[in-house]
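Asker: Sequence plus the predicted model coming up.
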Amino acid sequence: MEISGVNSIKGQIKIPGDKSISHRSAIISSLTSDRVVIKNYLFSEDCIRTIEVLKMLGVGIEKFESNLVVHGKGINKLKEPDDILYVGNSGTTIRLLSGILCATDFLSILSGDKSINNRPMDRVINPLREMGASVFGKDNNKKAPIVIFGNRSILKGKKFNINVSSAQVKSCLMLAGLFADGETEIIQPQISRDHTERMLEYFGADISYDGKNTKIKSTKTLKGKNIYIPGDISSAAYFIVASLILKGSKILIKDLGINSTRNYLLTALKNMGAKIEIKNERIINNEPVADLESSFSKLKAITVESKFIPNIIDEIPILCVAAAFADGKTIIKGIGELRFKESDRISSITTQFSKLGVDIGAKDDALIIRGSKDLKIGEGSMECSGDHRIAMALAILSLKTKGKVKILDSECISASFPSFKYELKKAVY
């Protein structure tokens with residue numbers, strides 16, 4: 001992808017369906033015995049992997065226009081797959097399905113690409129084993145491939161105090177707890193996204209949740225309901241920040257998910273002086289949704305404390321772009337978890353942003369950006385390490401160049417935002 005500097009971005013931006021909710025809608029719908037229509041499903045590379053894995057487990061799934069139709073099988077009618085369940089680069093797929101597969105009555109093997117098979121999976125393997133599940137992984141149960149000998153009768157509910165807040169780990173344990181004997185309780189040090197809790201509640205699970213604490217009891221049946229997937233705030237973030245840093249910009253994004261466990265980015269940007277207006281707030285299938293308008297703003301530096309990181313873990317690369325044009329020193333603390341994403345995002349951000357002239361560095365699990373509204377962005381070829389969020393953040397940063405920036409291997413953007421390039425080209429002036 002080659003990008004030249006632009007003057008502004010304007011108009012209404014079409015944001016794809018939320019990636020996290022799309023994964024969960026397909027997975028949880030398959031556990032019902034009903035036909036569920038999912039509107040605005042994100043047909044990205046990662047979410048398609050979830051569909052393909054569910055099909056291998058015998059779930060009937062079809063695409064109808066822009067919707068996904070899931071014919072739920074229920075946990076007892078899932079079938080043993082004929083081959084390894086390949087998740088590609090999708091951490092959500094492998095971690096959430098690990099919890100469900102423990103409650104089947106067959107053998108399954110989950111594996112992914114090189115990145116997935118080097119990411120820490122002991123975070124789900126160890127607690128699942130504590131619930132009684134027969135789960136094994138490579139490298140002394142630390143990594144994928146993950147081998148699961150399903151046996152619902154041995155699953156026992158348990159209380160967990162998790163050291164690192166993770167919606168994927170929490171969701172895995174909730175889905176196992178759905179079929180375990182007794183109650184499963186998960187306590188986290190910080191609040192993480194709660195899409196799984198909201199959807200399980202929407203489908204009738206016996207669940208309660210309050211910030212850091214989630215409890216779920218064994219539930220015999222889930223009742224399938226149709227779902228509308230709101231726009232993904234993580235994808236919207238790129239266009240919001242672009243509108244803030246380019247003079248004369250103003251954009252409108254409709255039907256955007258503004259879940260409180262996901263929207264700290266908006267708070268952070270407003271603290272920086274961003275002109276962001278939220279309109280038409282409402283609730284759609286247990287998720288808060290609104291329209292958002294943002295425009296060019298004079299930004300100032302802020303400090304982001306560690307407790308907010310689980311809320312903005314996917315938005316940190318684009319927040320760094322905003323910080324680059326905010327007067328003063330922005331500090332983002334507690335970012336160690338970024339080392340275990342699709343790439344080592346700390347290394348990717350600091351290395352590639354520096355090449356374009358951003359004063360950025362990392363120290364003691366914190367990112368430090370010394371920004372300026374008058375920052376001049378350079379040109380050249382950038383590496384995104386196969387990481388879709390790094391690629392899109394570099395694309396927005398490059399809109400401020402006076403030359404030309406080439407982002408190599410930008411095909412990875414299809415993991416979460418297949419129409420990103422089209423929407424960007426349509427909006428620039």
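Answerer: Right, received. Where do you want to start?

Asker: Now stretch 168-185: buried residues?
Answerer: Residues of stretch 168-185 classed as buried: 168-181, 183-185 (neighbour count, 16 or more other Cβ atoms under 10 Å). Glycine gets a C-beta too; all of them are placed from N, C-alpha and C.

Asker: no wait, stretch 56-68
Answerer: 56, 57, 59, 61, 67, 68.

Asker: Checking residue 268 next. Helix, strand or coil?
Answerer: Following DSSP: H, G, I helix; E, B strand; the rest coil, we place residue 268 in the helix state.

Asker: correct me, but it touches residue 300?
Answerer: No. With contact defined as Cβ atoms under 8 Å, residue 268 does not count as touching residue 300 (11.8 Å).

Asker: Which one's more surrounded, the two?
Answerer: Between residue 268 and residue 300, counted using other Cβ atoms under 10 Å, the more crowded position is residue 268 (22 against 14).

Asker: Kindly state the beta-bridge partners for residue 86.
Answerer: Note on residue 86: beta-bridge partners by DSSP bridges are residue 111.

Asker: Output the buried residues of stretch 56-68 as CSV; include the columns secondary structure, distance to residue 103 and pLDDT.
Answerer: Formatted as CSV, the buried residues of stretch 56-68 follow (DSSP: H, G, I helix; E, B strand; the rest coil; distance: Cβ to Cβ, whole Å; pLDDT from 0 to 100):
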residue, secondary structure, distance to residue 103, pLDDT
56, helix, 17, 98
57, coil, 12, 98
59, coil, 15, 98
61, strand, 20, 98
67, strand, 28, 93
68, strand, 23, 98
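
Asker: Quickly list the domain ranges of this structure.
Answerer: According to automatic domain parsing, the chain is divided into the following domains: 2-16+230-427, 19-228.

Asker: hey, where'd the strands end up in the stretch 301-429 of the chain?
Answerer: 303-304, 328-333, 359-362, 366-371, 380-383, 404-408 (DSSP state E, counting those that start in this stretch).

Asker: again, but for the stretch 51-200 of the chain
Answerer: Ranges of strands within the stretch 51-200 of the chain are 60-64, 67-71, 85-86, 107-111, 134-137, 143-149, 159-161, 183-187, based on DSSP E, counting those that start in this stretch.

Asker: Same list, the ones you listed, but as JSON lines with distance to residue 332 please.
Answerer: Listed next are the strands of the stretch 51-200 of the chain as JSON lines, based on distance: least, Cβ to Cβ, whole Å:
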{"stretch": "strand 60-64", "distance to residue 332": "39"}
{"stretch": "strand 67-71", "distance to residue 332": "35"}
{"stretch": "strand 85-86", "distance to residue 332": "34"}
{"stretch": "strand 107-111", "distance to residue 332": "32"}
{"stretch": "strand 134-137", "distance to residue 332": "31"}
{"stretch": "strand 143-149", "distance to residue 332": "28"}
{"stretch": "strand 159-161", "distance to residue 332": "26"}
{"stretch": "strand 183-187", "distance to residue 332": "25"}
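
Asker: Identify whichever of those strands lies nearest to residue 16.
Answerer: Residue 16 lies closest to strand 67-71 among the strands of the stretch 51-200 of the chain, at 13.0 Å (Cβ to Cβ).

Asker: Sheet partners, orientation included, of the closest one?
Answerer: Partners of strand 67-71 in the sheet, by DSSP bridges, are strand 35-39 (antiparallel), strand 60-64 (antiparallel).

Asker: Excluding chain neighbours, give the residue nearest to residue 424 in space.
Answerer: residue 395 (6.7 Å; Cβ to Cβ, 6 or more residues apart in numbering).

Asker: again, but for residue 154
Answerer: Nearest residue to residue 154, sequence neighbours excluded (Cβ to Cβ, 6+ apart): residue 132, at 4.3 Å.

Asker: Next, count neighbours for that neighbour.
Answerer: By other Cβ under 10 Å, the residues close to residue 132 number 18.

Asker: could you give the mean pLDDT of stretch 288-304?
Answerer: Averaging pLDDT along stretch 288-304 yields 98.

Asker: no no, stretch 205-222
Answerer: Stretch 205-222 comes out at a mean pLDDT of 95.

Asker: Contacts made by that stretch with the rest, please.
Answerer: By Cβ atoms under 8 Å, 6 or more residues apart in numbering, the residues outside stretch 205-222 that reach it are 28, 31-33, 74, 157, 165, 170, 174, 177-191, 194, 197, 200-201, 203-204.

Asker: For that stretch, measure first residue to last.
Answerer: Distance across stretch 205-222, first residue to last, is 6 Å (Cα to Cα, to the nearest Å).

Asker: List the buried residues for that stretch?
Answerer: So stretch 205-222, judged by 16+ other Cβ under 10 Å, has buried residues 205, 207, 209, 212, 214, 215, 216, 217, 218, 219, 222.

Asker: follow-up on the earlier one: residue 148 versus the residue nearest to residue 154, what's the distance?
Answerer: Residue 132 sits at a distance of 12 Å from residue 148 (criterion: Cβ to Cβ, to the nearest Å).

Asker: what's the answer for residue 116, then?
Answerer: To residue 148, residue 116 is 16 Å away according to Cβ to Cβ.

Asker: And residue 219, by the same measure?
Answerer: From residue 219 to residue 148 the distance is 21 Å (Cβ to Cβ).
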